[in-house]
Every structure is written in C-alpha cells, then in structure tokens.
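>>> Show me how the following folds:
(4 chains)
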Number of protein chains: 2
Amino acid sequence: MVQSPKQNCFDGLKQRILSMDISPGSNLEEAALSDRYGISRTPLREVLQRLAGDGYVTLSENRGAKVASMDLATMRVFFQTAPLIYSSVARLAAENRTATQIEQLRVVQALFAKAVAAGDAEAMALKNHRFHELIGEMAHNAYLMASLKRLLIDHTRLGHMFYRPSAPAESVAILKASQQHEAMISAIEARETGVITDLTLQHWDLSRDRMERFVRPDPLPLDIVENGGVA
Amino acid sequence: MVQSPKQNCFDGLKQRILSMDISPGSNLEEAALSDRYGISRTPLREVLQRLAGDGYVTLSENRGAKVASMDLATMRVFFQTAPLIYSSVARLAAENRTATQIEQLRVVQALFAKAVAAGDAEAMALKNHRFHELIGEMAHNAYLMASLKRLLIDHTRLGHMFYRPSAPAESVAILKASQQHEAMISAIEARETGVITDLTLQHWDLSRDRMERFVRPDPLPLDIVENGGVA
DNA sequence: TGCACTCATGATGTATACACTTTGCACACA
DNA sequence: TGTGTGCAAAGTGTATACATCATGAGTGCA
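Numbering: from 1, shown residues only, chains lettered A, B, ... in the order given. Predicted coordinates:
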C-alpha cells in the first residue's frame, strides 16, 4: 500500500498540524516543503490549497500559507459550537450508520485503546480524531461534516497535550474516554438516538474539563506567596 | 475596481454555478475554462481547488472537476440540516454583529428589493445569497460558516427557478421574503435573539414551501383522465 | 454477432523556468 | 539619531512543455 508522494505530503502535513509538530500560525514555505516531500511546487501548492479548504491552513495572496491559528477568539467559538455539532452528528450517525462503518469504528477504537495502553500520546490523539471523524462520515451529512472536520482539527490540537504520559492525573480521564467510545459504538449500532446524544454530550464534557484545566490550570499554592511574598 | 483575471474566473464560476448556468454534475474542462477566462491552466486549477474547498465543485483524481451534484439524497440532507444551522447562525449574528455589518446588510437588501422590483431573477437569487452569507459573517463562527456556505449553495440553486418572472403566483411569496429580510435586519440590529430565531425559521419555512412546491408540483387536473382516459 | 484487446486521442498531473511581489537591510539625507 | 529611499534577496504567482492517465473507436478473434 504505497501511496503517491502527493498524498503522503497531504497526510503528513495534516498529521504534523494535528499533533502540533507544526504550531498554529507557523509559516509554510513552499520550497522547503516541496523539497522535504519530494514533489515539485505545483502539486505542493495543490496540497496546501486542499488543506486550506479543510481548514488546516490559511492562504493569503503573495504571502503564502500559515497553519490555522488557535487564538483565544478561536477557542471561545470552538467551545460555543462543538456541543451543537457533535450531538447533531451523533444522532444522525445512529440513524444512518451501516454495518461496515460500525466495523471500521471498532477497528479504530481498538487502535485507540492500544495507544492508551502503550501510553503513545500522538497515536491516541490521531486515533481519537479518526474515531470522531468516522462518526461524522456515518452521519452522511456533507453540510455538518464541514463544520465537524474544522472542530476536530482544533479539538485534536487542543487535546494533544493531555494525551502525554507526563500528566498522570489525566490517565483516569483517558480511560473513561475510551470506555465512552465503546458505549458510543454500542448506542450507534443499536440506533438509540437518545442514548448516543447523551453519551456524546458526556464525552464532550469530559474533553472540555480537561481542556479548560489546561487553559486555566490550578493556581500555584498560595502559601508560597504568604511565606515569602511582598505585603 | 478591476479585479485580477483569476478572481474574475473564481467569481464568474461561482455565479454561473449558483444560477444553474452550469448545471449540477457538469464536467468542467480545464482547457476550455482557462481559454474562456484568459488565464493559464495553473491558476485555473487553483480556482477549481478553491471552489472544491467551498463545496461548489468536486474533484476526482485524473478525472477533473464536476459541478457539485444535487440529487435527491443531497436535497433530503439539505432540508434536514438547514433549520438548525440557519437559526444558530442568526442567533449568533444578533449577538456579534457590528454597526458596519448592519450597514452592509442594508445595502445588499436594498439591491435585493431593487431586483425584485425589476423582476430580475438572477440578481434576486444572487443578492439573496449574499444577504444570508453576510448574516453568516456576522455570526463570527468559522465552524458554522463552513456548513452555512454549503447550505447556501444548494439553497440558491434550488431556489433559482422561483425567482423567475414566469411564476406570477410566486411574486407574493418573494415580496414577503423581502419584508422578512427587513424585519431580520431590525432584529439583528436590536440584538433580539429570540425574535431573530423565530424570523429565521419563518423565512426558512417560506423558502421550503416554495422549494417543495417546485419539487412536487400540483398534479394535473383529474377530469382530463376521467373524460378520456382508460377505465 | 459478441467480446476483448490495442492504440490513438484528449484530458489531467507534474516539473521547471520566468515574472512579480514582499521584505529587510543598507545607505543617504535631514 | 531618526527617517525615508532604493536595492537585493527570497518567496509567491504564472505560463508552458512534457509525462501520465482515461476513454472510445477500431480491429481481430472466437
């Protein structure tokens, strides 16, 4: 299964953006990338344009491509929008899923669980991404899929740091997320629209809690200030 | 205000697709288009890729670009999704609109009303499109905007035929739609989120009724069958 | 007549040279 | 020293030649 160097470049850039290997706002220079991926600038530019269409990068005239930014305004809108789209998509997925898609979902979830067990942060993030993207495909709704894909980009980027093994307090939450995935598969397979909606919102809440804790971490212990600080 | 030939090509194709001048599913040949718009194939392909990113066309490997199809499955999903996105976007628009944007909206609505008065079907469709796209911009939500833009493509294409002067029964509905636009501007300006949500759903219902009447027109009079048909 | 194979034709995909735009540094001048 | 101008370097935009692939007409064989 050797894929074309162009597809390889597309997938590679997606993955590097999702895993924050290339940080938001970074400049993407055509010459460097076309050299790295062994394709000339023409197909490379096509890749960048496709990435721009999917919301991974932004293009500006005569000024090249940048990785989509993730500033405070973006995040605010992200938290505002995700529950609506996620729950709508999940409901539709339960209504429209095919047996084949359920099977695909199980495969991806198995890979996610495996990554959890191995403590492989990058694999966790990417398999989680694919898991939710698959649910989007099940929904069979191109309009919502466009929103969902963009949400997932930022979700995966935001969530990337929590999958690190360096955060032991998070491992409980990650296990819980994995269990929720299993429950979601069952609910979608059984076409229980009410259940999948609830599960999806719970799954979102878990994610959100972890993300918010990252954005606004617990404050440092106050006694340090009391003992040695200024009046 | 002379725009680049590339931008002209992009806008021109968008407009021709929206007005069904190029019908859904049509093949778009690079050589013919690059000739027509006076640009070489490289920038033309970039235009097609941008159009694909926005949902106007679909690209397939070694098989060129096609105008996005509009089959029964697409329409079913369209009717399913539009109310959710439209009402969510409208609410956010009321919350986030700026004074400048309100002014833009008034200008576009004036052009829409003018097109209605002139019976210019194509201008009506395009100004209506722009009106709703502007509301999307007011919402300041890139995730929902992706869905909205795709919905509007199909909405405008579906609605295109009702704006024809040949359908006199529709002129009442068109006037009503124009009045609803005015009311929507006021509600957005006043940030009345409850009102704008209701208005948006009413506006949608009006559109939907017209569209459904087109898809499933009144049956022919039965007496023709009774007088001369088979037993 | 029916089917499969071949090859010509026309389309899309890629590489590359060249044109244009941006940007930052150096230098002159106030 | 501060500011504005001009130039050089680097990066993006476009045209075009060539490579590759899809398609269909035509031919040979069963």
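
>>> Sketch out the helices for chain A, chain order is fine.
A:5-18, A:30-36, A:41-54, A:72-96, A:99-118, A:121-139, A:142-159, A:171-189, A:193-215, A:222-228 (DSSP state H).

>>> Which one of the ones you listed lies nearest to residue B:87?
Residue B:87 sits nearest to helix A:72-96 of all the helices of chain A, at 10.6 Å, using CB to CB. For glycine as for every other residue, the C-beta is placed from the backbone atoms N, C-alpha and C.

>>> check contacts around the residue most central in space within chain A.
Centrality entry for chain A: nearest residue to the mean C-alpha point is residue A:156, 2.4 Å, by CA atoms, centre = their mean. Contact partners of residue A:156, counting by CB atoms under 8 Å, 6 or more residues apart in numbering or on different chains, are A:18-19, A:125-126, A:128-129.

>>> Could you list which of the residues you listed also contact DNA strand D?
By CB under 7 Å from any atom of the strand, no member of the contacts of residue A:156 lies near DNA strand D.

>>> Going by neighbour count, which of these comes out on top?
Compared across those, residue A:128 has the highest neighbour count, 27 neighbours, by other CB atoms under 10 Å in any protein chain shown.

>>> which residues touch that residue?
Contacts of residue A:128 by CB under 8 Å, 6+ apart are A:112, A:156, A:159, A:163, A:177.

>>> how near is it to residue A:118?
14 Å (CB to CB, to the nearest Å).

>>> what do you get for residue A:4?
Relative to residue A:118, and taking CB to CB, residue A:4 is found at 30 Å.

>>> So what's the predicted local confidence for the residue nearest to the centre of chain A?
For residue A:156, the model assigns a pLDDT of 96.

>>> Could you do residue A:96 as well?
pLDDT, read off for residue A:96, is 98.

>>> Was I right to think it contacts residue A:139?
Yes: using CB atoms under 8 Å, residue A:96 makes contact with residue A:139 at a distance of 6.3 Å.

>>> quick one, which of the two is more surrounded?
Just comparing residue A:96 and residue A:139: by other CB under 10 Å the higher neighbour count belongs to residue A:139, 25 against 16.

>>> That one: what's it in contact with?
A:88-90, A:92-93, A:96, A:145, A:148.

>>> can you narrow those to ones near chain B?
A:88, A:92 (CB under 8 Å from any CB of the partner chain).

>>> The contacts of residue A:139: which two are farthest apart?
So, the contacts of residue A:139 by CB to CB: farthest apart are A:96 and A:148, at 14.2 Å.

>>> Tell me the pLDDT of the residue nearest to residue A:145 when sequence neighbours are not counted.
Of all residues not flanking residue A:145 in the chain, residue A:136 sits nearest, at 5.1 Å (CB to CB, 6 or more residues apart in numbering or on different chains). Listed pLDDT for residue A:136 reads 98.

>>> what does chain A have sitting close to chain B?
A:42, A:45-46, A:49-50, A:52-55, A:74, A:77-78, A:80-81, A:84-85, A:88, A:92, A:140-144, A:146-147, A:149-151.

>>> Which of these are buried? Put it as a ChimeraX command.
Filtering these down to the buried ones (16 or more other CB atoms under 10 Å in any protein chain shown) takes a single ChimeraX command:
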select /A:45,46,49,50,52,53,54,55,74,77,78,81,84,85,88,92,140,141,142,143,144,146,147,149,150,151
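
>>> Give me the subset of the residues of chain A next to chain B that also touch DNA strand D.
A:42, A:45.

>>> so how far is residue A:14 from residue A:47?
For residue A:47 relative to residue A:14 (CB to CB), the value is 10 Å.

>>> more crowded one of those two?
residue A:47 (26 against 19).

>>> how near is the more buried one to residue A:41?
Taken as CB to CB, the span from residue A:47 to residue A:41 is 10 Å.

>>> Likewise for residue A:3?
In terms of CB to CB, residue A:3 sits 20 Å off from residue A:41.

>>> what stretches of chain A score poorly on pLDDT?
Chain A contains residues with pLDDT under 70 at A:1, A:161-162, A:164-169, A:223-231.

>>> Mind telling me which residue of it is nearest chain B?
Closest residue of chain A to chain B, CB to the nearest CB: residue A:53 (2.2 Å).

>>> Just grab the bridge partners of the closest residue to DNA strand D within chain A for me.
Shortest chain A-to-DNA strand D distance, computed as CB to the nearest atom of the strand: residue-wise this is residue A:64, at 2.7 Å. Listed by DSSP bridges, the beta-bridge partners for residue A:64 are residue A:60.

>>> need the contact list for it.
Contacts of residue A:64 (CB under 8 Å, 6+ apart): A:27-30.

>>> How many residues are close by the closest residue to residue A:130 other than its chain neighbours?
Take residue A:130 and drop its neighbours on the chain: the residue closest to it by CB to CB, 6+ apart is residue A:108, 5.2 Å away. Residue A:108: 22 surrounding residues under other CB under 10 Å.
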